[in-house]
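Engineer: what shape does this take:
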Amino acid sequence: MRISRKIMSDKGETGLAPSQAVYFTTLLGESTNSQPCAFCTNAPRAAYQCLRSRSQVADADWKHQATGNKDVATRNKERIQSAIFASLQLVIFPYFIPIAGRSFHPHTFFESLGYVAAFALFFLLRSPRGDAVTNPLRWATLAAAFAGGALGSKILYWLEDPQLTLQHLHDPAYLVGGKTIVGALLGGLFAVEAMKRYIGLHQSTGDLLAIPIAAGLAIGRIGCFLTGLSDNTYGTPTSLPWGIDFGDGVRRHPTQLYEIAFLLILIAILVRIQRSIRTPMTSNQRLKRVRPGDTFKAFMIGYLAFRFFCDFIKPYPALAFGLGAIQWACVAGLLYYSRDLLRWTGLSSDGGS
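Structural biologist: Numbering: from 1, shown residues only. Got it, this is the predicted structure:
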């Protein structure tokens, strides 16, 4: 087919990693020999054997050998799943974004798009009902959040692998280059709460930010996924059928895609919480249900809990008791919100605003 021949002419014999080529040939049924493969009627024997012999990982056999004695419905279901996840293997990482004849790095493109989308969504949510926080205070809290987030993202990045940080202590590119989302969230939270305490402000200021931040993170993670190995946000090796080969012949958990799916679900939950806060109710009802500030708290608790568990399938070094620096930061953040968790579960009526 034209697609495969173009890739072969542009990229060499296949243009794909060996495991990707097996998926590609199996999916498209490119034929150089009319005799079918012994395992799959869609892939020709010659192409299958050629690509299979060059593969560094045997990631095609699972979908044939495991279905020998299964009924037709199960077999068809697995073929559909195989086709879906095989299509992901057609991406060459990093995948640069072509726009107006130019190519943009996926991480830069989607991170910038995430910031723009988050700000646009913030103003969109702010316009119908206005903002309970006055303009000077709103911009002051945003400035504090950005400053604290920038510092927190760097500090946690340095603590993520202390030994590597010490080795690059005099390398400005290393010290400035990396950042972590969890560090940014906790650093921004600390800075805003410190500023509010200093000026004596007890009003909740984060509810309007929760949904925009979650949406911006989801968009940014697309760039992390398309960047591939150099982004260092991939998961550990896996034999699961949806494992992604980012170009080195090893199928890994696509933790970026896991996070995107989780954030989309979380956004739907946050919308419901935000609507509940705006619904008029008596003080006793509000005490039992939600309060102003709970949208942001739910976002923080949900995201920190997700990252705590998701980082078990990421190749990050453990600092103590099998937990990495990001996981310990998540634990600290969850402990900070423990009173709200108790209030939501009905074990306590306490909880700050």
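
Engineer: quick one, helices of the stretch 51-200 of the chain?
Structural biologist: 62-65, 72-88, 106-129, 135-160, 162-167, 172-177, 181-199 (DSSP state H, counting those that start in this stretch).

Engineer: the third one versus helix 135-160: what angle between them?
Structural biologist: Same thing as helix 106-129. Counting by axes from the mean of the first three to the mean of the last three C-alpha atoms, to 10 degrees, helix 106-129 points 150 degrees away from the direction of helix 135-160.

Engineer: would you mark the buried spots in helix 106-129?
Structural biologist: Buried positions in helix 106-129, judged by neighbour count with 16 or more other C-beta atoms under 10 Å: 106-107, 109-111, 113-114, 117-118, 121-122, 125-126. Using the backbone N, CA and C atoms, a C-beta is placed for each residue, glycine as well.

Engineer: please name the nearest non-neighbouring residue to residue 204.
Structural biologist: With C-beta to C-beta, 6 or more residues apart in numbering as the criterion, residue 204 has its nearest non-adjacent residue at 3.3 Å, and that residue is residue 293.

Engineer: actually, residue 267.
Structural biologist: Nearest residue to residue 267, sequence neighbours excluded (C-beta to C-beta, 6+ apart): residue 214, at 5.0 Å.

Engineer: give the other helices and strands that the strand or helix carrying the one you found contacts.
Structural biologist: Using DSSP states H and E, residue 214 maps to helix 207-227. Packing partners of helix 207-227 (3 or more C-beta pairs under 8 Å, 6 or more residues apart in numbering; DSSP states H and E): helix 106-129, helix 255-278, helix 294-310.

Engineer: sorry, back to before: so the residue nearest to residue 204 makes contact with residue 209?
Structural biologist: No - the criterion here is C-beta atoms under 8 Å, and residue 293 misses it with residue 209 at 11.1 Å.

Engineer: against residue 180, how distant is residue 244?
Structural biologist: Between residue 244 and residue 180 the computed distance is 22 Å (C-beta to C-beta, to the nearest Å).

Engineer: residue 251 touches residue 236, doesn't it?
Structural biologist: No - counting by C-beta under 8 Å, residue 251 sits too far from residue 236 to count as a contact (10.4 Å).

Engineer: more neighbours: which of these two?
Structural biologist: Using other C-beta atoms under 10 Å as the criterion, residue 251 and residue 236 rank with residue 251 on top: 22 against 14.

Engineer: would you mind measuring from that one to residue 238?
Structural biologist: Taken as C-beta to C-beta, the span from residue 251 to residue 238 is 6 Å.

Engineer: cool, and residue 260?
Structural biologist: Counting by C-beta to C-beta, the gap from residue 260 to residue 238 is 18 Å.

Engineer: ok, those two, which is more surrounded?
Structural biologist: More crowded of residue 260 and residue 238, by other C-beta under 10 Å: residue 260, with 18 against 15.

Engineer: pLDDT value on that one, please?
Structural biologist: The score at residue 260 is 98. That number is its pLDDT.

Engineer: for the one 3 residues further on, same thing?
Structural biologist: At residue 263, the model reports a pLDDT of 98.

Engineer: likewise for residue 73?
Structural biologist: pLDDT, residue 73: 70.

Engineer: going forward, count from 14.
Structural biologist: In the new count, where the first residue is 14, that last one comes out as residue 86.

Engineer: tell me who's in contact with it.
Structural biologist: Under the criterion of C-beta atoms under 8 Å, 6 or more residues apart in numbering, residue 86 has no neighbours.

Engineer: distance check, it against residue 93.
Structural biologist: From residue 86 to residue 93 the distance is 11 Å (C-beta to C-beta).

Engineer: and residue 130, by the same measure?
Structural biologist: From residue 130 to residue 93 the distance is 32 Å (C-beta to C-beta).

Engineer: over to residue 316?
Structural biologist: Where residue 93 is concerned, residue 316 sits at a distance of 32 Å (C-beta to C-beta).

Engineer: which one of the two has more residues nearby?
Structural biologist: With neighbours defined as other C-beta under 10 Å, residue 316 and residue 93 compare such that residue 316 has more, 23 against 10.

Engineer: give the contact list for residue 348.
Structural biologist: No contacts exist for residue 348 under C-beta under 8 Å, 6+ apart.

Engineer: let me fix that, I meant to ask about residue 324.
Structural biologist: Counting by C-beta under 8 Å, 6+ apart, residue 324 touches 337, 339, 340, 343.

Engineer: which one of those residues sits in the busiest neighbourhood?
Structural biologist: Among these, the one with the most neighbours (other C-beta under 10 Å) is residue 343, at 26 neighbours.

Engineer: about what we covered before: chain center to the helix holding residue 227: distance?
Structural biologist: Here helix 220-240 is found 8 Å from its chain centre; the criterion is C-alpha atoms, centre = their mean, to the nearest Å.

Engineer: next, the angle helix 194-212 makes with it.
Structural biologist: 160 degrees.

Engineer: what about the residue nearest to residue 217, neighbour count?
Structural biologist: 19.

Engineer: now residue 271: how far from residue 248?
Structural biologist: 8 Å.

Engineer: more crowded one of the two?
Structural biologist: Just comparing residue 271 and residue 248: by other C-beta under 10 Å the higher neighbour count belongs to residue 248, 21 against 16.

Engineer: noted, bye for now.
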